[in-house]
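J.: Sequence and computational prediction follow.
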Amino acid sequence: MAKPTLGVFGLTGCAGDQLVILNCEDELLELTELVDIKDFLMASSGNDTSCQLDVALVDGAVLSQRDEDMLKRIRERSRLLVALGTCAVWGGVASLDRNQDRTRLLEDVYGEMGKKYDSLPARALHEVVNVDLSITGCPIEKDQLISAVASLLQGDPPLYPKYPVCTECRMREYNCLLIERGEICCGPLTVAGCQARCPGLNVPCVGCRGPADDANVESAMNMFGEKGIPREEIAAKLRTFAPAWGVNV
Amino acid sequence: MLQLSETQAAPVFMTANPYQPHMARIVRIYRMVEDNYVFTLRFLDDQLASAFSYRPGQFMMLSVPGAGEAPISISSSPSRPGILELCVRRVGRVTNALYRLPNNSVVGLRGPYGNGFPVETMTGNDLLIVAGGLGMAPLRSLMWYALDNRDDFRNVTLMYGVKSPAQMLFREELASLVGRDDMQCLLTVDSDPTGTWKHHIALLPKLFDYATITPATTYAAVCGPPVVYKFVLQRLLELGFSKDRILMSLERRMKCGVGKCNHCSVGYKLTCLHGPIFTYWDAINLPEMI
Amino acid sequence: MKVLRLPKERLDLFASVLQQFGEVHAPVEQNGKYAFRALSRWSDARLDYPRTILPPKKYFVPPKDTLFQYKEGLGYVPADLAADRRIILFGLHSCDIYGLNILDQVFSGKYDDPYYQARRKNVAIIGVDCIPDEHCFCHSMRADFVDKGFDLFFQDLGDRYLVMVGTALGDDMVLATGSLFEPVTPEDLAEYKQRSSAKRKAFKLHVEIRDLPEIFELEYDSSLWKQVGDRCLSCGACSMVCPTCYCFDVADDVDLGARSGSRSRTWDSCLFSTHAMVAGGENFREGRASRVKFRYYHKQRGFVAEYGRPSCVGCGRCISACPVNIDISQVISQLRGIENATA
Amino acid sequence: MTRSIKVNHLARVEGHGGVTVEMDGRSVSSVRFDIFEGARLLEALARGRHYTDVPQIVSRICAICSVSHSISSIKATESAFGVTPTPQTELLRDLLYRGEDIESHSLHVFCLAVPDYLNYPSVVALAADHPDAARLGLRLKKLGNTIQEVIGGRAVHPVNVLVGGFGKLPTADQLMALRDELHQAAEDSKSVVDLIASLPPADYCSKDTVFAALRPKQFGYGYYSGDQIHVRLNGKTEAVPAAEYRSLANERAVPHSHAKHSQYKGRPFMVGALARLTVNSDLLNGSVADVKQKFGLNLPSGNPMDNNKAQALELVYDIHRSLETVEKLLADGLREEAPVPVRPKAGSGTGVTEAPRGMLVHSYSFDGQGRLATADVITPTAFNAASVEEHLRRAVEQNAGDDDAALTKKLEMIVRAYDPCISCSVHLVRRRNAP
Ligand SMILES: Cc1cc2nc3c(=O)[nH]c(=O)nc-3n(C[C@H](O)[C@H](O)[C@H](O)COP(=O)(O)OP(=O)(O)OC[C@H]3O[C@@H](n4cnc5c(N)ncnc54)[C@H](O)[C@@H]3O)c2cc1C
Ligand code: SF4
Ligand code: SF4
Ligand code: SF4
């Protein structure tokens, strides 16, 4: 049986999720025996840029017409399109631009020239094309990537937890930064899968994986409010990596 | 009041590890209806295969290697030993993986689990089986059990309804029962786009008009989607059925099948241990049951 | 029951003898909270702790527990439990021992859970008594004193312990120390009685459970559930930290490029939206309110029907772990109409 | 005869870029290093945010340099608030940078650059014929990641680094495991030297080059410490205080393009491994003394391809240096210390460090509540852009006789040798229509 064909692409982002693929040092060579990596610009100069792909992994968000065209082209040539990382899944840090005047921002950063750039407001992939599978994380977790590949090779989508970081934090018996130190920890709202990485280091979760399936944002806002934190501040915090929390200020 | 047997002896061949799947071979795949195949299975271990016994209404935990495990009712009847049939609808991870397997593949099985129908108590009574859609899967076991032990039961009636002829499970098999004089087999479809359907075209509760039922001596076994319960139960109560003569088979999310994982709890009962067969009386006493 | 006394200054010696029975685990301090951990030295143990973050259930049903390895041709090969090390769990409070006794019932019965049972055999339990804090209500749940489920139990009598010997293994531990333990004196008994009645009076939280199953049935449609449900974050913290929450999920991991893999179970919670979801997306407990209600209902009503007592032991963990201050004792009081519903 | 050479998608670099050359006979009319990366405007979007949020946001400028972005941000913030981290914190940060450098350099040298020299399209293709070389590179890359995980809490976008210190210190067990890996790597580094020394020579565009790098203040040759920038110009070294980084980032508009280009006293300059080596080689200790010689690396070198050798040398040096640090940490034991308390105040501060691909500046001002008022981020790729173009121009002039394919490959190799990080180049977006 022919090996499944794979493409790895980056739109505008930090390339962190592509880097996580390259960070699978122990699995990388095995992986290349199982799948045929046809197109991976960041890692190879010998790419087939027009072949049909079984799976396309795409990181980054759509921030320019060029990104949009590229994404649509990828969609056309691939059977399964996988959004890789928080930028691709939710919009990522660049989507902090929601409700802001982008032209002004462009001018602020690039001066007069800013206005002329090929620049669009940040969008997640699903806002532009149909996405078959989302692997969130900023960056994605290596084990979730491997399990996605292993499952997809069997023909199944991977199984990811839908509960929040809080659950993993408790499972690992970390101290609760929210209750014990009164910090703004996004753990109760953020989707798990990172093994509560930050709380495990005594650092509050900043929500880098985006919202959990069933996040009760309104109640959490009230809870922080009771701790004396202004709503705008919580909202800003929550929106850092994903605009999709449905936060009402 | 009817007591459902909740604590039977563990199956003879059960190992000390109740989560241990036993490997079984898919000996036949019958592509009955799109996304609804019947799999005939046989345990690899001969001893196990011959010792295996169960009650109508019980279910198995089916493992597909690499995909996971799911509860599936046994569709065959214990009155025909040596054959184990599962009628599986393709809905998710495990069932998808099962559908990808070719004949002769090996899967894992453990069970049988659940209380099953209280056939001893039902003996000597009339039997009314009412199935809607996929509800036929567990009820087929009971039906064949009754037909194979025909002398144990008085009148046997089957009422089965689906949306259209193409969705009818075990269609040929059931159609062949229609003329039988030792039972009444009533089949219906909501509509028949093909124009070839020879049986009833009506909603399932309508079939009650064609049968004579004596509630006091009848046990009714019902299984189907929620809407079936809604109308059929209403009909049965109107007929004067006692609430503990109505038996229903429930479906819940289930992860262990042996009363540990707590996913299948309804109110204070567990579908896997105390069910999946419950009486209607249970149902009104257990919140969230239907 | 064999009862002895141990002067406190000899505890260190006893602890050093214990090591020959297995790896000693006890509560240690962790940024102001406590957790059961393997001790690198006995002096790390804190026996006067209020409660650990996770209950001892983590030793018997770990958060992720591999059940089988699947290998092509070999089928499902159970995880080897024989290799597990022997552990002495020192410092359990009676509520936690009670919690284990409750889990014992769940993980036995018609289908014995071999993973749980093997670990239960491999872990010795040494209890210590405790002083209730503002979240404890174990006396209400009849779990403030245990009479079984431990190998040894230490009652603090000031400068000495009253030690109850619960099992033959516990007796072996005592005997292995030579003459470290002494016979109890009448003063010890008097002191014990005095302290135990003082403890009873020290509780600040009280929950009346006598007709609770009935109350739950009567208040099944109470508007309180919606209020609590609107607050709940579905974070699952209460279930993870509960000594008697045992819901688990089972899933298979596949190896890269192979049909081999493993099957493991992980802690789950009835507060998650997926808990009662079945094919076709139908969810028997869709709303948060119905899920919160279910957790209480199962503990205080369902468990009574099945095992004759509530499964809650009043350890107070869910109260201290809930980010939005949902408090089981308040919820019960409100259901009873004892207090204004303000949860 | 006019001729134009276009590299539409630079491969094996991070981000989206290209090269366009227009020439008329032997004379080159324009050379452009194009950037197609969309604009994320993170500096503007971070404005108004509490100082604790800022490192997490700016870290996302680039994954490969995420340690450098986070810590430069933290350094700028600490300088604005007058926070002095403890010596232990500084030492751990130094180690963290070495981890980043080991990861980035082994990625760049083995996965992106070496395939060029040996004519393979990728490290995967390389692995088929030279499995040992590929595995060696991956092993070292993993080591770099392990250091970042142990100290920074995550291999990409560190979460454990805070203004004032660390969330949690590594455990002795983690350090011991790391020490074992470092011992293995020290063995491996011999093979690295042999491999790099054996690569065919590449010299297409040598010219007199200006270099700039941060001058370390402690821990010897390194990337984290220091607040003086040293510029090597016409054989002399000039010192620029970090706070005056603007004199190197005067971002002149160039006629052929609207991009801003960095110049020092009117001259483009190069940053990165080769620049560091040129400016700071007096700080290297004995462990790599003979490596320079084995590589045939004569400093100063106007050949940007030598940057790959400089990276390999740093890789070897960092392995030895990290091993020393870990042994020291294990011998002395880590003191449990919480982050130094921070009292935010209005003010500004600049943090300069050396990212793997060169000098990186974060310069901020804050309001009295500790909210970011302004942010200026200048990345190595922004510093390098003008120099890249100069070298490209030189290459075209020197190799005008080459056919398109040969010339294109040379141009690509030169850009790659600079190890550009295009996502990093937040200051370097210029408008180009997609090819
Ligand atoms: C007693 C009993 C008897 C049964 N008998 C039969 C039978 O005879 N034939 C038959 O076909 N079926 C039967 N079922 C139903 C069958 O067990 C389920 O359909 C089972 O879910 C199939 O497993 P799966 O892995 O294929 O699907 P799953 O992957 O479990 O998916 C099924 C559905 O569950 C939901 N789901 C699953 N996982 C998640 C998740 N992590 N998050 C959110 N939603 C999720 C989705 O809505 C999905 O559509 C029976 C069930 C019970 C309890
Ligand atoms: S704890 Fe939160 S911020 Fe940290 S990695 Fe997990 S989701 Fe991201
Ligand atoms: S329900 Fe709460 S108080 Fe009761 S045992 Fe569980 S955690 Fe403890
Ligand atoms: S801890 Fe509180 S918020 Fe979290 S699930 Fe339990 S009751 Fe809900």
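T.: Now that the structure is in, tell me what you want to look at. Numbering: from 1, shown residues only, chains lettered A, B, ... in the order given. Ligands and ions are numbered 1, 2, ... in the order given.
J.: Endpoint to endpoint, stretch A:30-48 covers what distance?
T.: Terminal residues of stretch A:30-48 lie 21 Å apart, using CA to CA, to the nearest Å.
J.: Relative to the whole chain's centre, how far out is that stretch?
T.: Using CA atoms, centre = their mean, to the nearest Å, we find the averaged C-alpha position of stretch A:30-48 to lie 22 Å away from the chain's own average C-alpha position.
J.: Wondering if that stretch reaches chain B at all.
T.: No. For stretch A:30-48, no contact with chain B is found by CB under 8 Å from any CB of the partner chain; the gap never falls below 14.4 Å. In short, each C-beta sits where N, CA and C put it, glycine included.
J.: which other residues reach that stretch?
T.: A:2-10, A:15, A:18, A:22, A:24, A:49, A:51, A:53, A:55, A:149, A:153, C:256-257, D:9, D:11-14, D:111-112, D:115, D:121-125, D:127, D:412 (CB atoms under 8 Å, 6 or more residues apart in numbering or on different chains).
J.: all strands in chain D, in order from the N-terminus.
T.: Shown for chain D, the strands assigned by DSSP state E span residues D:2-7, D:17-24, D:27-35, D:161-162, D:165-166, D:210-215, D:228-233, D:236-241, D:252-253, D:260-261, D:269-270, D:347-355, D:358-366, D:372-378.
J.: looking at the ones you listed, which is closest to A:G92?
T.: Shortest separation from A:G92 across the strands of chain D is recorded for strand D:372-378, at 17.4 Å, computed as CB to CB.
J.: For that closest one, give me every contacting residue.
T.: When contacts are defined by CB under 8 Å, 6+ apart, strand D:372-378 is touched by residues D:42-44, D:46-51, D:54, D:58, D:61, D:69, D:245, D:249, D:262, D:348, D:360-367, D:426-427.
J.: Mind checking which of these are buried?
T.: Buried members of the contacts of strand D:372-378, counted by 16 or more other CB atoms under 10 Å in any protein chain shown: D:42-44, D:46-47, D:49-51, D:54, D:58, D:61, D:69, D:245, D:249, D:262, D:360-366, D:426-427.
J.: pLDDT weak spots in chain A?
T.: Judged by pLDDT under 70, chain A has its weakly predicted residues at A:1, A:112-113, A:246-249.
J.: near chain B, which residues of it?
T.: Contact residues of chain A with respect to chain B, defined by CB under 8 Å from any CB, are listed as A:Q154, A:G155, A:D156, A:P157, A:L159.
J.: near chain C, which of these show up?
T.: Checked against chain C using CB under 8 Å from any CB, the residues of chain A next to chain B give the following subset in range: A:Q154, A:L159.
J.: Strands - which of the residues of chain A next to chain B land there?
T.: Using DSSP E to define strands, no part of these is located there.
J.: Nearest to ligand 2: which residue in the stretch 51-200 of chain C?
T.: C:P63 (16.5 Å; CB to the nearest ligand atom).
J.: picking that back up, among the contacts of stretch A:30-48, which lie within helices?
T.: For those, membership in helices holds for A:Q18, A:L22, A:V149, A:L153, D:P115, D:V123, D:V124, D:A125, D:A127, D:E412, with DSSP state H as the criterion.
J.: Go through these and name the one nearest C:S40.
T.: Lowest distance from C:S40 to the ones in helices among the contacts of stretch A:30-48 (CB to CB) belongs to A:L22, with 38.1 Å.
J.: so what's that closest one up against?
T.: For A:L22, the set of contacting residues under the criterion of CB under 8 Å, 6+ apart consists of A:L28, A:M42, A:A43, D:L107, D:C111, D:K141.
J.: what subset of the residues you listed is also close to ligand 2?
T.: Under the cut-off given by CB under 6 Å from any ligand atom, ligand 2 has nothing from the contacts of A:L22 close to it.
J.: Report the secondary structure state of whichever residue of chain C sits closest to ligand 2.
T.: For chain C and ligand 2, the shortest gap (CB to the nearest ligand atom) falls at C:C235, measuring 13.2 Å. Assigned by DSSP: H, G, I helix; E, B strand; the rest coil, the conformation of C:C235 is coil.
J.: want to throw the strands of chain D into CSV with mean pLDDT and distance to C:G32?
T.: Written out in CSV, the entries for the strands of chain D read as follows (pLDDT from 0 to 100; distance: least, CB to CB, whole Å):
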stretch, mean pLDDT, distance to C:G32
strand D:2-7, 81, 58
strand D:17-24, 84, 51
strand D:27-35, 82, 50
strand D:161-162, 96, 19
strand D:165-166, 96, 19
strand D:210-215, 95, 40
strand D:228-233, 94, 43
strand D:236-241, 93, 44
strand D:252-253, 52, 56
strand D:260-261, 64, 51
strand D:269-270, 94, 52
strand D:347-355, 96, 33
strand D:358-366, 94, 31
strand D:372-378, 91, 32
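J.: What score does B:D181 have for pLDDT?
T.: Predicted confidence (pLDDT) for B:D181: 87.
J.: Output the below-cut-off pLDDT ranges for chain B.
T.: With pLDDT under 70 as the threshold, chain B has low-confidence stretches at B:1-15, B:288-290.
J.: Spell out which parts of it neighbour chain A.
T.: Listed as neighbours of chain A in chain B under the rule CB under 8 Å from any CB: B:G66, B:A67, B:R93, B:N96, B:A97, B:R100.
J.: To what extent is residue 48 buried, counted in neighbours?
T.: Just going to use chain A. Other residues within reach of A:D48, judged by other CB atoms under 10 Å in any protein chain shown, total 12.
J.: that's the other chain; I wanted chain B
T.: Using other CB under 10 Å as the criterion, B:L48 is surrounded by 17 other residues.
J.: which SSE is it in?
T.: Taking DSSP states H and E as the criterion, the element that holds B:L48 is helix B:46-51.
J.: so what's the residue of chain A found nearest ligand 1 up against?
T.: Here the residue of chain A nearest ligand 1 is A:K162; by CB to the nearest ligand atom that distance is 5.8 Å. Neighbour list for A:K162: A:V191, A:A192, A:A212, A:D213, A:D214, C:F272, C:S273, C:T274 [criterion: CB under 8 Å, 6+ apart].
J.: buried subset of these?
T.: Under a neighbour-count criterion of 16+ other CB under 10 Å, the subset of these counted as buried comprises A:V191, A:A192, A:A212, A:D214, C:F272, C:S273, C:T274.
J.: And the fourth one, its phi and psi?
T.: The one in question is A:D214. Backbone torsions for A:D214, taken as degrees, to the nearest 10, come to phi -130, psi 30.
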